[in-house]
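Engineer: My questions concern the predicted model and sequence given below.
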Amino acid sequence: MTTTIIGFPRIGEKRELKFATEKYWKHEITQSELLQTARDIRLKHWKLQQQAEIDLIPVGDFSFFDGFLDTFFALNIVPKRFRQLELSTLDEYFALGRGFQDEKRSVKALPMKKWFNTNYHYLVPDWDDHTDVKLVGTKLFDEIKEAKVAGVNNPKAVIIGPYTLLKLSRFSGSKKAPDFLEDVVNAYAEILNKVSELEVGWIQIDEPALCFDVNVEDRQLFNQLYTSLLSQKGQLKVLLQTYFGDIRDVYEDTQKLDFDGIGLDLVATSHNVELIQENGFDDQKVLFAGIINGRNIWRNSYQSSVKTLKSLGVKNVILSSSSSLLHVPFTAASETQLPPDVQQHLAFAVEKLDELHDLNLILEGNGQEVLNKNTALFKNIRHPESEKVRTRVASLTASDYVREPGRNEREKIQKAEFNLPVLPTTTIGSFPQTRDVRQNRAKFRRNEISREEYDQFNKDKIKRIVEFQEDIGLDVLVHGEYERNDMVEYFGEKLDGFVFTKNGWVQSYGTRGVKPPIIWGDVSRNAPITVDASVYAQSLTDKVMKGMLTGPVTIFNWSFPREDIQPKESVTQIALAIQDEVLDLEEHGIKIIQIDEAALREKLPLRKTDWFKEYLDWAIPAFRLVHSSVQPTTQIHTHMCYSEFGDIIQAIDDMDADVISFEASRADLVLIDQLVQAHFETEVGPGVYDIHSPRVPSVEEIQKIIEGFLTKLPIKSLWVNPDCGLKTRGEKETFDSLKNLVEATKRVRSSLHETSGSI
Ligand SMILES: Nc1nc2c(c(=O)[nH]1)N[C@@H](CNc1ccc(C(=O)N[C@@H](CCC(=O)N[C@@H](CCC(=O)N[C@@H](CCC(=O)O)C(=O)O)C(=O)O)C(=O)O)cc1)CN2
Ligand code: MET
Ligand SMILES: [Zn+2]
């Protein structure tokens, strides 16, 4: 038996890569300084794995921005608009990820999407009829050489596979995936060949897309790709690596094809275990058993892992992580401020390396001591439970999930209550988290300023931004969320039952990271959270101030969940805590309350058959529970930044919010059509401009977009807003964009007057 991992976090223990990259973008360091930082990071991570005696060390899992981008960049899949910029290779690479702008030129970045059911984003390549797929990149080979020089004698080359590449791509020309098949196979064959020449034993080809539903055509595509590719592998051993789910649709095919290893996630579901038990596993192949959880931060229970592994009856096994460790923070060792009983149960990336080593020892018969210690740890685990919370959850009844009166009735009541103009304008909540805002928070954290000073700073910010919103004529105002480091971490810090880390950063996209809170005990609210800020903001204006909360499903999905109770149970507890906050806001005169569910779509199970019974059947009720007991006059908004909910429209409507805002880039006029077709009842604010880019949209541009929406949607259901919060933007571009948004709306309103006389 030996050990490996699928991949290691790459941002660095103290986010060194983030800081160096951002400095490079600001021209504060040179390219060679950035490359040196990257080399240092890779070396350090390889050494850590060597110290933990990991046998097969992944190489190629490092990335400056995104591993999916690395793969298609190496394969020359770069739209012309980027090539024409004539940048250096590295700058072209970054341009794909974050767009490019100088005095003369402006090119939009490739779109980003959620990587399966994680909070990590990958870049979506756009293939057109000019796309010329061929191997041009040397990153993987360079890193292999570098690893060998550094004394990594047993590297495992890592690359994203052709099936996943094709399935996750966008084809905008007349040529579709099958038309590129031959070129793709040739390019990958060349990669295998080059890796082989470097005397590498194994190549890991990541194919997580096999964990989605695989239909007949997909299955044929998969078989075609690999029949051809594997016939050219020579001496190189090929590992088909999957993660995040099971491969029931192609399990038999993978057994028949000439793979040397199959990597299966034994943690995300029990399905892969059953597949092996029921169908057996080819004696000639190695099972890369994904037994150490790459998605959560708890210690592994050796006893149950050993039991699972022994139940498989597979001859050749290499122990591995269930996914890349990219999705967990670097090390738990630095989290010294955590209660010791929590601390001892944590395993971040570095600790997971040791767990693999331990498990290997145990399975080889030399690990009785570590096994005993681990078993004792699990015997003594005590999650703080609250009788009060349990009783409250147990006494919920069906009526707690139903808001009265129904939506149509409420709509009339609220139109009278608020008397807003048609096409009401608003924003999604946050305003730019400028340097001074973060510094104020950092100072408070370091005890350099008092609570009063900290609060006063934020109050001044609120006052200023309320004045700005009034000045430019927005209709429904927000307080700006200056007090929040992150929309989930902030609530985690305020609620009982959560613990949080000091340095538990996980990459979300590019150089951006999040510090997911940890759900450790039963969750409840012990004091108001946002009431002061919202009430203060409302006191400054006669316009209506929108309260701003994060919903239970998003808080749960962007935290590290406990595993001793069902997700439904945790989410219901969080829902009741947020319900307390909703009712408190209402009682304090806040009349519109937005409850963000940005992450609702994200955790939809990979397979359609699981959508309702494993997720939506509790996620949608949890949201309803939060708001169902408010007055008919209180207007409930929700927000989802990603518009990929075409397939779950009915479930979104069933959340029973009064208004929903979401992203609506050009392609999503399709979504608007779907909404109309599905008789979607919730009022909608499809984002009229993209906040992920610093570009300022013109008045005319926004006006056109609103008019476009109006050709499809009734005017009484339409709101005007940006497509997400403004926290990552600069102030100047934000202010200019919002002024244009309001002006465009006014023009549309007056043109309506002219054409119809009344509205
Ligand atoms: N949890 C979550 N997931 C999400 C989103 C989201 O908003 N939250 N949005 C979507 C996109 N994802 C995003 C993820 C991260 C960021 C982001 O901006 N992250 C920031 C960190 C934000 C943060 O929490 N900052 C902290 C701490 C920042 C810090 O290190 N501060 C320095 C000081 C900084 C300074 O002086 O300038 C220090 O303490 O030393 C704070 O504000 O308090 C980053 O990586 O740069 C944006 C979007 C999807 N997933
Ligand atoms: C990622 S969704 C963001 C919603 C939040 N209210 C904000 O405006 O930042
Ligand atoms: Zn958003």
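Structural biologist: Thanks, I have the structure now. Ligands and ions are numbered 1, 2, ... in the order given.

Engineer: Minimum distance to ligand 3, which residue of the stretch 601-750 of the chain gives it?
Structural biologist: Distances between the stretch 601-750 of the chain and ligand 3 by Cβ to the ion are smallest at residue 641, namely 2.8 Å. Heads up, the C-betas are built off the backbone N, CA and C, glycines and all.

Engineer: can you list the domains in this structure?
Structural biologist: Dividing the chain into domains by automatic domain parsing, as the record does, gives the ranges 2-108+118-379, 423-756.

Engineer: Mind checking if whichever helix or strand residue 491 is part of is in reach of ligand 2?
Structural biologist: Secondary-structure element containing residue 491, defined by DSSP states H and E: helix 489-494. No. For helix 489-494, no contact with ligand 2 is found by Cβ under 6 Å from any ligand atom; the gap never falls below 10.5 Å.

Engineer: Buried residues of that helix, list them for me.
Structural biologist: Residues of helix 489-494 classed as buried: 489-492, 494 (neighbour count, 16 or more other Cβ atoms under 10 Å).

Engineer: Closest residue of the chain to ligand 2?
Structural biologist: Among the residues of the chain, residue 725 lies nearest to ligand 2; the distance is 2.0 Å by Cβ to the nearest ligand atom.

Engineer: That residue in helix, strand or coil?
Structural biologist: When the structure is split into helix, strand and coil by DSSP: H, G, I helix; E, B strand; the rest coil, residue 725 lands in coil.

Engineer: got the contact list for it?
Structural biologist: With contacts defined as Cβ atoms under 8 Å, 6 or more residues apart in numbering, residue 725 is in contact with 427-430, 481, 487, 691.

Engineer: ok, of the residues you listed, which one's closest to ligand 1?
Structural biologist: Closest approach to ligand 1 among the contacts of residue 725 (Cβ to the nearest ligand atom): residue 487, at 5.0 Å.

Engineer: contacting residues around residue 361?
Structural biologist: Counting by Cβ under 8 Å, 6+ apart, residue 361 makes contact with 367, 370.

Engineer: what about 10 Å?
Structural biologist: Contacts for residue 361 (Cβ atoms under 10 Å, 6 or more residues apart in numbering) come out as 1, 53, 302, 367-371.

Engineer: Quick check: which element contains it?
Structural biologist: With DSSP H and E as the test, residue 361 turns up in helix 349-363.

Engineer: average pLDDT for that helix?
Structural biologist: Taken as a whole, helix 349-363 carries a mean pLDDT of 98.

Engineer: With stretch 540-555 instead?
Structural biologist: Averaging pLDDT along stretch 540-555 yields 98.

Engineer: before we move on, the earlier item: which pair in the buried residues of helix 489-494 spans the largest distance?
Structural biologist: 489 and 494 (9.9 Å; Cβ to Cβ).

Engineer: where do the contact lists of these two overlap?
Structural biologist: Counting by Cβ under 10 Å, 6+ apart, the shared contacts of residue 489 and residue 494 are residue 517.

Engineer: Can you lay out the buried residues of helix 489-494 as TSV showing pLDDT and distance to residue 604?
Structural biologist: Output for those, formatted as TSV (pLDDT from 0 to 100; distance: Cβ to Cβ, whole Å):
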residue	pLDDT	distance to residue 604
489	96	23
490	97	25
491	97	22
492	95	23
494	97	28
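
Engineer: closest to residue 127 among those?
Structural biologist: Using Cβ to Cβ, the shortest approach to residue 127 within those belongs to residue 489, at 37.3 Å.

Engineer: so how far is residue 554 from the closest one?
Structural biologist: Residue 489 sits 12 Å away from residue 554 when distances are taken as Cβ to Cβ, to the nearest Å.

Engineer: picking that back up, mind giving me the ChimeraX select for the contacts of residue 725, buried ones only?
Structural biologist: For selection in ChimeraX, the members of these meeting the burial criterion (16+ other Cβ under 10 Å) are listed in this command:
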select :427,428,429,430,481,487,691
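
Engineer: Would you format the contacts of residue 725 as JSON lines with secondary structure, distance to residue 518 and pLDDT included?
Structural biologist: Putting the contacts of residue 725 into JSON lines (DSSP: H, G, I helix; E, B strand; the rest coil; distance: Cβ to Cβ, whole Å; pLDDT from 0 to 100) gives the following:
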{"residue": "427", "secondary structure": "coil", "distance to residue 518": "31", "pLDDT": "98"}
{"residue": "428", "secondary structure": "coil", "distance to residue 518": "27", "pLDDT": "98"}
{"residue": "429", "secondary structure": "coil", "distance to residue 518": "24", "pLDDT": "98"}
{"residue": "430", "secondary structure": "strand", "distance to residue 518": "24", "pLDDT": "98"}
{"residue": "481", "secondary structure": "coil", "distance to residue 518": "22", "pLDDT": "98"}
{"residue": "487", "secondary structure": "coil", "distance to residue 518": "17", "pLDDT": "97"}
{"residue": "691", "secondary structure": "coil", "distance to residue 518": "29", "pLDDT": "91"}
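
Engineer: Kindly identify which of the contacts of residue 725 also come near ligand 1.
Structural biologist: If you filter these for contact with ligand 1, counting by Cβ under 6 Å from any ligand atom, you are left with residue 487.

Engineer: picking up where we left off before, how about the residue of the chain closest to ligand 2, phi and psi?
Structural biologist: With angles defined as degrees, to the nearest 10, residue 725 sits at phi -70, psi 160.

Engineer: Find the nearest non-adjacent residue to it, please.
Structural biologist: Leaving aside its chain neighbours, residue 725 sits nearest to residue 430 (3.6 Å; criterion: Cβ to Cβ, 6 or more residues apart in numbering).

Engineer: any idea of the mean pLDDT in stretch 94-105?
Structural biologist: Computed over stretch 94-105, the mean pLDDT rounds to 91.

Engineer: and if you look at stretch 192-211?
Structural biologist: When pLDDT is averaged along stretch 192-211, the result is 98.

Engineer: can you check stretch 124-138 too?
Structural biologist: For stretch 124-138, mean pLDDT is 97.

Engineer: and the end-to-end length of it?
Structural biologist: From its first residue to its last, stretch 124-138 covers 21 Å (Cα to Cα, to the nearest Å).

Engineer: follow-up on the earlier one: looking at the contacts of residue 361, which are in strands?
Structural biologist: Using DSSP state E to define strands, no part of the contacts of residue 361 is located there.

Engineer: Specify which member of the residues you listed is nearest to residue 261.
Structural biologist: Looking across the contacts of residue 361 and measuring by Cβ to Cβ, the closest to residue 261 is residue 1, at 13.3 Å.

Engineer: surely the closest one meets residue 360?
Structural biologist: Yes. Under the criterion of Cβ atoms under 10 Å, residue 1 makes contact with residue 360 at 5.6 Å.

Engineer: which of those two has more neighbours?
Structural biologist: Just comparing residue 1 and residue 360: by other Cβ atoms under 10 Å the higher neighbour count belongs to residue 360, 20 against 14.

Engineer: Neighbour-wise, give me the winner out of the contacts of residue 361.
Structural biologist: Among the contacts of residue 361, the one with the most neighbours (other Cβ under 10 Å) is residue 302, at 24 neighbours.

Engineer: who in the stretch 601-750 of the chain is up against ligand 1?
Structural biologist: For the stretch 601-750 of the chain, the residues found near ligand 1 under the criterion Cβ under 6 Å from any ligand atom are residue 728.

Engineer: Residues of the stretch 601-750 of the chain that sit close to ligand 2?
Structural biologist: Looking at ligand 2, the residues of the stretch 601-750 of the chain close enough under Cβ under 6 Å from any ligand atom are 639, 641, 724-725, 727.
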